[in-house]
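Undergrad: Just the structure for this:
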Amino acid sequence: MPLTVRQFACLSDNYGFLIRDEASGKTACIDTPDARAILAELQKAGWKLDMILNTHWHPDHAGGNAEIQAATGCTVVGPGEVTRIAPLDRTVGHGDTVDLGETRFEVIDTGGHTLGHITYFDAADHIAFVGDTLFALGCGRLFEGTAQQMWTSLQRLAALPEDTKVYCAHEYTASNARFALSVDDDPALKARADAVFAARERGEPTVPTTIALEKATNPFLRAPALAARVGKAGAPDYEAFGAVRAAKDGFRG
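TA: Residues are numbered from 1 along each chain as shown. The predicted structure is shown next:
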């Protein structure tokens, strides 16, 4: 039976995700951006929380762990870096698996935004919870890692099945699209950007996305093709990516 994903907006631009393994009724939340919003959504759904799955340690991803665990008695699972702000019941890393009822998640190292950032991939349902590593038309800032580390992480995600649904943690897509258009004039990007702007005008989310869509239009995954545009013709792919990331950091469009 499939995994049900319940997505809702919280904080200024985060998404919360409650997920339910339909075979067992076991339920988890992906990160804890807003404890009150998550607890309210659980009550609305009539679900009992069994697990928190953290992707990284930042407060808008793990800051609600303690309040939610106290209210629900759930187990907290995540990378070791989460202990910087909250305790973990189980520490996981690349190659580990996490079972939610009959749904099995593969843990993928996607460090770069933070050194220990991880992704949870449900291979049976082709669903990935990527935190702040990959965004629709974007990627996370390099707060702790290097361009080479983040490029390696993005390539791990790009290798997932193309129909994989990608649940990223923020609604940044319109801003990402404006930047993408400044470095890439591909027609597929222009068409996607127009669709994104229209969706946001209607108040619609642009998450989830897919691996195929990101490979076709995301300037960070397309960095090698944009190398000359960012002054890195002939450079290693990760250097081209680093230049695109640096351009985004300074973009004010």
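Undergrad: list the contacts for the nearest residue to Thr55 once chain neighbours are set aside?
TA: With Cβ to Cβ, 6 or more residues apart in numbering as the criterion, Thr55 has its nearest non-adjacent residue at 3.0 Å, and that residue is Gly131. To be clear about C-beta, it is placed using only N, CA and C from the backbone, and glycine gets the same treatment. The contact partners of Gly131, by Cβ atoms under 8 Å, 6 or more residues apart in numbering, come to 30-31, 55-56, 61, 110, 113, 117-119, 140, 168-169.
Undergrad: The same query, at a cut-off of 7 Å, please.
TA: For Gly131, the contacting residues are Asp31, Thr55, His56, His61, His117, Thr119, Ala169, by Cβ atoms under 7 Å, 6 or more residues apart in numbering.
Undergrad: which one of those sits closest to Arg245?
TA: Using Cβ to Cβ, His117 comes nearest to Arg245 of those, at 15.0 Å.
Undergrad: List the contacts of the closest one.
TA: With contact set as Cβ under 7 Å, 6+ apart, His117 has these partners: Thr55, His56, Pro79, Thr110, Gly111, Gly131, Thr133.
Undergrad: partner strands of the helix or strand containing Phe129, parallel or antiparallel?
TA: Counting by DSSP states H and E, the element that carries Phe129 is strand 127-131. Using DSSP bridges, strand 127-131 pairs in its sheet with strand 118-122 (antiparallel), strand 165-168 (parallel).
Undergrad: Return the per-residue confidence for Trp21.
TA: Quick fix: residue 21 reads Asp, not Trp. Confidence per residue is given as pLDDT, and for Asp21 that number is 98.
Undergrad: which non-adjacent residue is nearest it?
TA: By the measure of Cβ to Cβ, 6+ apart, the closest residue to Asp21 outside its immediate chain neighbours is Gly101, 3.3 Å from it.
Undergrad: Span of stretch 197-208 from start to end?
TA: Looking at stretch 197-208, the gap from its leading to its trailing residue is 16 Å under the measure Cα to Cα, to the nearest Å.
Undergrad: What residues of it count as buried?
TA: Using 16 or more other Cβ atoms under 10 Å as the test for burial, stretch 197-208 gives Arg200, Thr206, Val207, Pro208.
Undergrad: Report the contact partners of Met150.
TA: Counting by Cβ under 7 Å, 6+ apart, Met150 makes contact with Gly112, Cys139, Leu142.
Undergrad: most neighbours, which of those?
TA: Going through the contacts of Met150 with other Cβ atoms under 10 Å as the criterion, the one with the most neighbours is Cys139, at 31 neighbours.
Undergrad: and the gap between that residue and Leu100?
TA: Distance of Cys139 to Leu100, given as Cβ to Cβ, to the nearest Å: 27 Å.
Undergrad: cool, Arg200 as well?
TA: Using Cβ to Cβ, which is the criterion applied here, Arg200 is 32 Å from Leu100.
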